[in-house]
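S.K.: Just need the structure, nothing else, for what follows:
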Amino acid sequence: RISYTKIAKLVGLSKQSIALRISRMEKIGLILGYKGLLNLSKLGYQYYRWHMRFSGNERKKFLEILEYFKVIPNSRWITETKGFSDLMVGFVANNEMEASILIDKFTSNFGDYILDSHIALVTRLVAFNRGYWLEKHNEPKSYIMIGEERPYSKPNKVELDNLDIKIVKLLAQNARYSLR
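M.R.: So this is what the prediction gives:
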């Protein structure tokens, strides 16, 4: 992770102010750990999973579709799958209308190649770390990345000012460097 000192220089605050702001973001559950994991629902985002099956075996068109999703800022996870679908895309949107616009834009470009698709709004997404699978009891076992501890409860949206947003972006880019 990037150091407090470096963040302070980049955003124009003192090292102590940065430490306090990051501590506050940890306490309110926005910063979940230092692996670049954020609970995006606390910022008001909804997370969607879109499974698609395509007609034909045109690898060139499939690669074009992959490239399409790689450059969309809303895309969070893109993976080729086998079986029920050919592609799974995880994406975020501020609301259903924004998600619908993203879906409509894609289908206007590639709708002729979609044989079948299923879209799900994800209300709770939990990421399990290595400690969970290795049964290490000294590490946190999971992080809630969408939603709250209690399933089906809507998270309280966290308001961030421009400096907090800048800090989060710096941490996301440099999650592996030491903070202190």
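S.K.: which stretches of this structure form strands?
M.R.: Using DSSP state E, the strands of the chain run over 46-54, 75-80, 87-93, 114-122, 125-128, 142-146.
S.K.: average pLDDT across the last one?
M.R.: Translated: strand 142-146. Computed over strand 142-146, the mean pLDDT rounds to 65.
S.K.: The residue nearest the centre of the chain: what's it in contact with?
M.R.: Geometric centre of the chain, nearest residue: Arg76, 5.1 Å, by Cα atoms, centre = their mean. Each residue near Arg76 by Cβ atoms under 8 Å, 6 or more residues apart in numbering is listed here: 47, 90-92. Bear in mind the C-beta positions are built from the backbone N, C-alpha and C, glycine included.
S.K.: Turn those residues into a markdown table, columns for neighbour count.
M.R.: Shown next, in a markdown table, are these (neighbours: other Cβ atoms under 10 Å):
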| residue | neighbour count |
| --- | --- |
| Tyr47 | 22 |
| Gly90 | 18 |
| Phe91 | 24 |
| Val92 | 21 |
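S.K.: Show me which of those residues has the smallest pLDDT value.
M.R.: The lowest pLDDT within these belongs to Tyr47, which sits at 89.
S.K.: That one against Leu38, yeah?
M.R.: No. With contact defined as Cβ atoms under 8 Å, Tyr47 does not count as touching Leu38 (11.5 Å).
S.K.: Please report how far the most far-flung residue of the chain relative to its centre lies from Ile114.
M.R.: Within the chain, Gly56 marks the point farthest from the mean C-alpha position, 30.8 Å out by Cα atoms, centre = their mean. Taking Cβ to Cβ, to the nearest Å as the measure, Gly56 falls 11 Å from Ile114.
S.K.: returning to what we had before: which one, of the strands of the chain, ends up nearest to Leu20?
M.R.: Of all the strands of the chain, strand 142-146 sits nearest to Leu20, with 22.8 Å by Cβ to Cβ.
S.K.: and the biggest helix by length in the chain, average pLDDT?
M.R.: Counting by DSSP state H, the longest helix found in the chain is helix 96-110. Averaged over helix 96-110, pLDDT sits at 95.
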